[in-house]
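Asker: Model the structure of this input:
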Amino acid sequence: MKLSEVAQKLGCRLEGSPDIEIRGVAGIEHAEVGQITFLANRRYFPLLKTTRASAVLIEEGIALEREASMPALAALRSANPYLAFAHAIELFYQAPRYAPGLHATAIVAKSARIGEGAHIGPYCFVDEEVEIGSKAVLHSFVTIYRGAKIGDAFFAHAHAVVRENCRIGNRVTLQNGVVIGGDGLGFAKQKDGTWYKMAQSGPAVLEDEVEVQANACVDRATVGETRIGRGTKLDDLVLVGHASRVGANTMLCGQVGLAGSTKVGDNCILAGQVGTAGHLTVGDGTVITAQSGVPNDVPAHALYSGYPAVDNRQWLKTMAALNRLPELQKRVRELESEIERLKVR
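Answerer: Next up is the predicted model:
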C-alpha cells in the first residue's frame, strides 16, 4: 500500500514521498524499512534519529531530526498519533473470522435462544433460558449459565464464563478465563466463629462495548447488582467486588482490586495494582497512580497516589521528605549530642 493511500485512510497530513511502499506497522525500536511506526511518548524522541521505519505517525510541530547516515523519514501528522496507529494496525492485520454454526461437541439447551449468525465453538455449554444476540462468537470451552441475557456481537474467548442471570450488552468482549458473575465474598460470622455463606442473588451487568481481559473477575452481588458502565475496560487479573459500580469509559489496569460496594465514576483511570476499601466513592475523571491504596472517598477530577492515597502533589512532597530521612536522622543525632555537651559544661 502506498504511503499516500495510508495517509488518506488515516486522515493524516503527509510530509514526504507519497510513493513509499508500506507493508506493515511496528514499534519505533523494532520498525524496519517499509513499516510505519508512531511517536506519542516524549521519552522516545531520541529514537526518531535512528529508527529504520519508512514513516512515523507524529503530532504537528515536532521536528524530525535524523542522524546523517539514516535515510529520510516521512511523517504522517495527526492530532492523536496513538489512535491513528491503532487504526493503521487494522489496515494490515485481519483478525480471524468465525463462520456461523454450532460445533458438534457444543451443548445448547433447547430453551436457549441464539441470534442469527452466531458461532458456537467446540465444547461450549449454553444452559436453559439463555438469550444470545446476533453474530456472537463463543470460541471454545465457553460456559453460559442459566438465564443469562447477552446482546449482539458478543465475543467470548476460550474458557470464559458468564454465570446465572447476568446481563451483558452489545459488542462486549471477554478474553480468556474471564468470570462474569462469580460469587462475591459474602459471609456472615456465626457464634462458633465459622462463616455462614450468604446467597449471592444479584447479577453482574456489563453495558455495551465493555471489554474484560484475561482472568479478570466481576463478582455478582449479594443483593442488587454489580454494574460495569458502557465502554469501560478491565485489564488482566482485575477484581470487581460484589455490588460495586464502575462508570462509563473508565479503565482499571492490571491487578486492580475493588472491594465490595465500591463506586468508581466515569472516565477514571486506576493504574496497576490499585486497591480500594469497600463502600467508598471515586469521583468522575479521577486518576489513581500505580500501587496506591484507597481507604476513603476520592473527589472528582483528582490525581491521587500512595498509601493511604492522597493528592499526588502531597504524596510527592512526602516521598521527597522520606528520601531525606537518613540525613535528617543523622542531623538530629548530631544536635542531640551537641545539647548533651552543652549540659555538661
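Asker: Output the lowest mean pLDDT helix or strand found in this structure.
Answerer: When each helix and strand of the chain is scored by mean pLDDT, DSSP states H and E, helix 325-344 comes last, with a mean of 88.
Asker: how about the CA coordinates for that helix, as PDB?
Answerer: The C-alpha coordinates for helix 325-344 follow below in PDB (Å, rounded to 0.1, in the frame of the first residue of the first chain):
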ATOM      1  CA  LEU A 325      15.000  10.900  56.400                       C
ATOM      2  CA  PRO A 326      18.500   9.200  56.900                       C
ATOM      3  CA  GLU A 327      20.100  12.700  56.500                       C
ATOM      4  CA  LEU A 328      17.600  14.300  58.900                       C
ATOM      5  CA  GLN A 329      18.100  11.400  61.400                       C
ATOM      6  CA  LYS A 330      21.800  11.900  61.400                       C
ATOM      7  CA  ARG A 331      21.400  15.700  61.900                       C
ATOM      8  CA  VAL A 332      19.100  15.100  64.900                       C
ATOM      9  CA  ARG A 333      21.600  12.800  66.500                       C
ATOM     10  CA  GLU A 334      24.300  15.500  66.000                       C
ATOM     11  CA  LEU A 335      22.100  18.100  67.600                       C
ATOM     12  CA  GLU A 336      21.300  15.800  70.500                       C
ATOM     13  CA  SER A 337      25.000  15.200  71.100                       C
ATOM     14  CA  GLU A 338      25.700  18.900  70.900                       C
ATOM     15  CA  ILE A 339      23.000  19.600  73.500                       C
ATOM     16  CA  GLU A 340      24.400  16.900  75.800                       C
ATOM     17  CA  ARG A 341      27.900  18.600  75.600                       C
ATOM     18  CA  LEU A 342      26.400  22.000  76.500                       C
ATOM     19  CA  LYS A 343      24.700  20.500  79.500                       C
ATOM     20  CA  VAL A 344      28.000  19.000  80.800                       C
END
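Asker: can you give me the helices for this structure?
Answerer: With helices called from DSSP state H, the chain shows them at 3-10, 81-92, 312-323, 325-344.
Asker: okay, now the domains of the protein?
Answerer: The chain breaks down into these domains under automatic domain parsing: 3-92, 101-314, 315-344.
Asker: Show me which positions of the last one end up buried.
Answerer: In this case it means domain 315-344. By neighbour count on 16 or more other CB atoms under 10 Å, the buried set for domain 315-344 is Trp315. Heads up, the C-betas are built off the backbone N, CA and C, glycines and all.
Asker: tell me the angle the least confident helix or strand of the chain makes with helix 312-323.
Answerer: 50 degrees (axes from the mean of the first three to the mean of the last three CA atoms, to 10 degrees).
Asker: dump the residue contacts of the residue nearest to Pro308 when sequence neighbours are not counted.
Answerer: Spatial nearest neighbour of Pro308, chain neighbours left out: Pro295 (4.9 Å); criterion: CB to CB, 6 or more residues apart in numbering. Counting by CB atoms under 8 Å, 6 or more residues apart in numbering, Pro295 touches 277, 280, 308-309.
Asker: Return the distance of Pro295 relative to Gly260.
Answerer: 14 Å (CB to CB, to the nearest Å).
Asker: right, and Gly247 touches Ile269 too?
Answerer: No. The criterion here is CB atoms under 8 Å, and Gly247 misses it with Ile269 at 11.7 Å.
Asker: Looking at the two, which one has more neighbours?
Answerer: Using other CB atoms under 10 Å as the criterion, Gly247 and Ile269 rank with Gly247 on top: 22 against 17.
Asker: Spatially, what comes nearest to that one if we skip its sequence neighbours?
Answerer: Of all residues not flanking Gly247 in the chain, Asp266 sits nearest, at 3.7 Å (CB to CB, 6+ apart).
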